[in-house]
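S.K.: Build me a model:
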Amino acid sequence: MSIDLFNNEYVKDILFQPTAMADTFAYLDQEGQGIFAGPQLSIDHYKRIVLTGMGSSYHALAPLYYRLIAAGLTTHWIETSELIYFAESYLTPDTLLVVVSQSGSSAEVSHLLKTVGHQVDVIAVVNDPESELAQKATWKVLTRAGKEFSVSCKTYLSALMALNWLGDHLLPQTEALFPALAECIPWTTTYLQHWQEHVEELKKLYFGKTDLFLIGRGDSLAAVGTGGLILKESAHFHSEGMSSAAFRHGPKEMLSPSVQVVLFEGAKKIRRLNHQMAEEMQGQGFNAELIAEDSRIDAFRFPAVTEGCRPLLEMLPVEMSSLALALLHDHEPGVFSIGTKVTNIE
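M.R.: Residues are numbered from 1 along each chain as shown. Have a look, this model is predicted:
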């Protein structure tokens with residue numbers, strides 16, 4: 001099977017990411033102040049904040065979750081599918097509900113909106129301004145990623161940008177993270193200019209591998225979770241995303257010559273742990289590589305950036321991995337065989 005990546009719609013979406021990021025940044029930077037103009041938003045009015053989404057939209061909430069927790073706010077991070085059936089007690093007027101959905105019309109989100117009606121204030125982070133979520137939310141934070149073919153990529157990075165912006169507005173007393181995200185855009189452009197070299201390098205890394213583990217801590221759990229998801233749907237390759245500590249508590253027994261582990265270096269305060277774990281596995285003769293500033297894999301290396309920017313850049317090597325693995329297994333990248341872009345059945 002001959003696969004033409006240059007005419008692949010998923011690849012086109014990946015290469016469009018700098019534009020989607022720039023458009024989202026410009027929109028929020030220039031017009032974002034009007035989002036909470038009326039009604040006014042004050043988190044002091046709420047007993048708790050609930051963050052929810054499905055798939056990559058759920059995983060994208062990791063950095064905001066840890067940021068709110070660090071600020072001392074009672075915050076819960078729950079998949080929408082679980083929230084509507086097993087955490088209904090949170091769906092009360094004293095809850096501020098943050099719902100992330102690229103389409104704004106997935107089955108679980110529709111169910112949630114019917115459940116809460118007008119009783120719960122909802123902040124929507126959504127890419128489609130005409131969607132049910134955008135129309136019914138109390139406030140809507142829009143991304144400007146444009147229509148996406150299949151696998152989440154440009155909508156995901158745009159959502160991470162929007163969630164940084166939202167965090168700044170929920171926590172005005174803390175250091176703003178959104179302005180520094182401007183530096184992510186030119187670096188993303190530079191990285192993607194070499195996408196073909198990255199894919200070829202990663203094909204060599206993954207050749208002969210049957211399983212892939214993505215592991216990290218803290219904000220990197222966004223890339224870990226989303227990566228485990230998109231590698232399965234875009235490349236039809238078995239991959240799992242989990243915390244570094246969870247991997248040590250059992251799954252490490254899966255290590256073998258056919259297993260590849262990719263560790264995300266992460267925030268400064270836990271880098272030592274991730275580097276130590278990578279060195280430990282390498283010393284035991286297993287396949288482990290770091291996505292880090294000093295990675296020995298070119299496709300896994302990126303410069304020192306702000307904490308807000310890092311979760312965005314961490315996804316780029318995962319996207320290149322999805323292309324490499326798809327090619328190795330003779331699969332058209334990003335083409336679904338069973339599912340659809342928007343999940344409309346619970």
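
S.K.: and the most centrally placed residue in the chain, how far is that from V305?
M.R.: Nearest to the geometric centre of the chain sits A60, at 3.8 Å (C-alpha atoms, centre = their mean). As judged by C-beta to C-beta, to the nearest Å, A60 and V305 stand 18 Å apart. C-beta: built from backbone N, CA, C; applies to glycine.

S.K.: What of W187?
M.R.: Distance, W187 to V305, using C-beta to C-beta: 7 Å.

S.K.: quick one, strands of this protein?
M.R.: Along the chain, counting by DSSP state E, strands occupy 48-53, 75-79, 95-101, 121-126, 139-142, 211-216, 239-243, 259-264, 287-291.

S.K.: strand partners of the third one, parallel vs antiparallel please.
M.R.: This points to strand 95-101. strand 48-53 (parallel), strand 121-126 (parallel) (DSSP bridges).

S.K.: what about the helices in the stretch 51-200 of the chain?
M.R.: Ranges of helices in the stretch 51-200 of the chain, per DSSP state H, counting those that start in this stretch, are 56-59, 62-70, 80-86, 107-116, 132-136, 154-170, 184-192, 195-206.

S.K.: Surely G334 is in contact with V151?
M.R.: Yes. Assessed by C-beta atoms under 8 Å, G334 is found in contact with V151 at 4.7 Å.

S.K.: Identify the contacts common to those two.
M.R.: Residues touching both G334 and V151 (C-beta atoms under 8 Å, 6 or more residues apart in numbering): 10, 13, 234, 322.

S.K.: Measure how buried the closest residue to the last one other than its chain neighbours is and give me the count.
M.R.: Of all residues beyond its chain neighbours, the one nearest S322 is S234 (4.3 Å), with distances taken as C-beta to C-beta, 6 or more residues apart in numbering. Burial measure for S234: 27 neighbouring residues, criterion other C-beta atoms under 10 Å.

S.K.: which intervals of the chain have sub-threshold pLDDT?
M.R.: The model of the chain has pLDDT under 70 over residues 1.

S.K.: got the domain boundaries for it?
M.R.: The record assigns the chain these domain ranges, following automatic domain parsing: 5-181, 194-328.

S.K.: So G216 is in contact with G225, correct?
M.R.: No. Applying C-beta under 8 Å, one finds G216 not in contact with G225, separated by 9.5 Å.

S.K.: So between the two, which is more surrounded?
M.R.: The neighbour count for G216 versus G225, taken as other C-beta under 10 Å, is higher for G216 (30 against 23).

S.K.: Now stretch 98-109 - C-alpha only, PDB.
M.R.: In PDB, the C-alpha atoms belonging to stretch 98-109 read as follows (Å, rounded to 0.1, in the frame of the first residue of the first chain):
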ATOM      1  CA  VAL A  98     -16.100  24.000  32.700                       C
ATOM      2  CA  VAL A  99     -16.900  21.900  29.700                       C
ATOM      3  CA  VAL A 100     -14.300  21.300  26.900                       C
ATOM      4  CA  SER A 101     -15.500  19.800  23.600                       C
ATOM      5  CA  GLN A 102     -14.100  20.500  20.200                       C
ATOM      6  CA  SER A 103     -17.400  19.800  18.400                       C
ATOM      7  CA  GLY A 104     -19.700  20.900  21.300                       C
ATOM      8  CA  SER A 105     -22.100  18.200  20.200                       C
ATOM      9  CA  SER A 106     -20.900  14.800  21.400                       C
ATOM     10  CA  ALA A 107     -23.400  12.500  23.100                       C
ATOM     11  CA  GLU A 108     -22.100  13.000  26.600                       C
ATOM     12  CA  VAL A 109     -22.100  16.700  26.400                       C
END
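
S.K.: got the contact list for Y58?
M.R.: By C-beta under 8 Å, 6+ apart, the contact set of Y58 is 52, 77, 79-80, 100, 225.

S.K.: Just the buried residues of the residues you listed.
M.R.: By neighbour count, with 16 or more other C-beta atoms under 10 Å, the contacts of Y58 hold 52, 77, 79-80, 100, 225 as buried.
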